[in-house]
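1. Have a look; sequence and predicted model below, questions after that.
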Amino acid sequence: MNKKQLLLETAAQMIREDGIQQLSLERLAARVGITKAGVLYHFETKDNLLRQMNELAITEFETRIHHHMTDGPYPFTRAYAQATLDYLDAARIGLSAVFISSQEDASGAIWNEAARRWDERFLADGTDPRVLELRLLCDGFWFALTYGYSDAFKDEAARLILQKCDALEQAGG
């Protein structure tokens with residue numbers, strides 16, 4: 001893993017553990033074992049760090065969506081759900097921590113643009129109410145990851161998401 005990736009992942013971990021208010025470039029440098037100048041080489045400001053974290057999180061999620069795209073009915077909706085379930089493993093980069101940070105800086109616009117793109121893709125899958133139902137389950141799942149709901153809840157939510165995916169696939173377009 002390169003130094004920039006290490007800084008991004010460590011910053012996400014720090015947000016998860018200590019909250020966005022405790023993240024500073026100085027604390028990040030100390031946690032990684034480099035100088036503040038080493039952090040500044042990659043990120044001019046904390047806002048720039050947060051923006052890049054959000055961009056990375058969205059890119060990673062969209063890559064996962066693309067990975068899960070298959071033929072069949074409701075391809076984007078099912079891929080979105082499968083990509084969401086990839087985050088059951090908390091060791092992944094802290095997308096939920098990054099999402100929280102998007103409320104603290106100008107990164108909210110980055111998420112709004114991603115949501116607009118996703119809205120278009122959901123609409124392309126059609127207006128079947130089950131598409132909205134599955135999306136809301138997935139978005140609720142993100143909420144649960146963000147706020148640390150119990151593993152039992154996450155497991156049950158994952159089971160429901162998979163069940164709804166299977167129903168969409170069998171229903172046909």
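-> Done, it's in.
2. From here on, just use CA atoms for contacts and neighbour counts.
-> Fine.
3. sec struct for A57, please.
-> Using DSSP: H, G, I helix; E, B strand; the rest coil, the structure places A57 in helix.
4. Tell me the predicted confidence for it.
-> pLDDT, A57: 85.
5. Then I65?
-> Reported pLDDT for I65: 97.
6. what about it, neighbour count?
-> 21 (other Cα atoms under 10 Å).
7. and it, how far is that from A79?
-> Per Cα to Cα, to the nearest Å, I65 is found 5 Å from A79.
8. Relative to the whole chain's centre, how far out is stretch 139-151?
-> 12 Å (Cα atoms, centre = their mean, to the nearest Å).
9. Pull out the buried residues from it.
-> For stretch 139-151, burial by neighbour count (16 or more other Cα atoms under 10 Å) applies to F141, W142, A144, L145, T146.
10. Closest to K164 out of these?
-> The closest of the buried residues of stretch 139-151 to K164 turns out to be F141 (Cα to Cα; 13.5 Å).
11. Tell me who's in contact with the closest one.
-> By Cα atoms under 8 Å, 6 or more residues apart in numbering, the contact set of F141 is T84, K154, A157, A158.
12. again, only this time at 10 Å
-> Listed by Cα atoms under 10 Å, 6 or more residues apart in numbering, the contact partners of F141 are 81, 84-85, 87-88, 135, 147, 149, 153-154, 157-158, 161.
13. quick one: low-confidence ranges for the chain?
-> Counting by pLDDT under 70, the chain has low-confidence residues at 89-106, 172-173.
14. Now do the helix or strand where C165 lies: which elements does it pack against?
-> With elements taken from DSSP states H and E, the one containing C165 is helix 151-171. Helices and strands touching helix 151-171, by 3 or more Cα pairs under 10 Å, 6 or more residues apart in numbering; DSSP states H and E, are helix 75-85, helix 129-146.
15. and those helices, which is most packed in?
-> helix 75-85 (a mean of 23; mean count of other Cα atoms under 10 Å).
16. so K154 sits right up against T146, yeah?
-> No - with contact defined as Cα atoms under 10 Å, K154 does not count as touching T146 (11.4 Å).
17. Determine how far stretch 145-159 lies from the middle of the whole chain.
-> Put simply, stretch 145-159 sits 15 Å off its chain's centre (Cα atoms, centre = their mean).
18. Now do the end-to-end distance for that stretch.
-> 15 Å.
19. by how many degrees do the helix or strand containing L123 and helix 129-146 diverge?
-> Using DSSP H and E, L123 sits in helix 108-124. Using axes from the mean of the first three to the mean of the last three Cα atoms, to 10 degrees, the inter-axis angle of helix 108-124 relative to helix 129-146 is 150 degrees.
20. can you pull the contacts of L134?
-> Shown in contact with L134 (Cα under 10 Å, 6+ apart): T77, R78, Y80, A81, G140, L160, I161, L162, Q163, K164, C165, L168.
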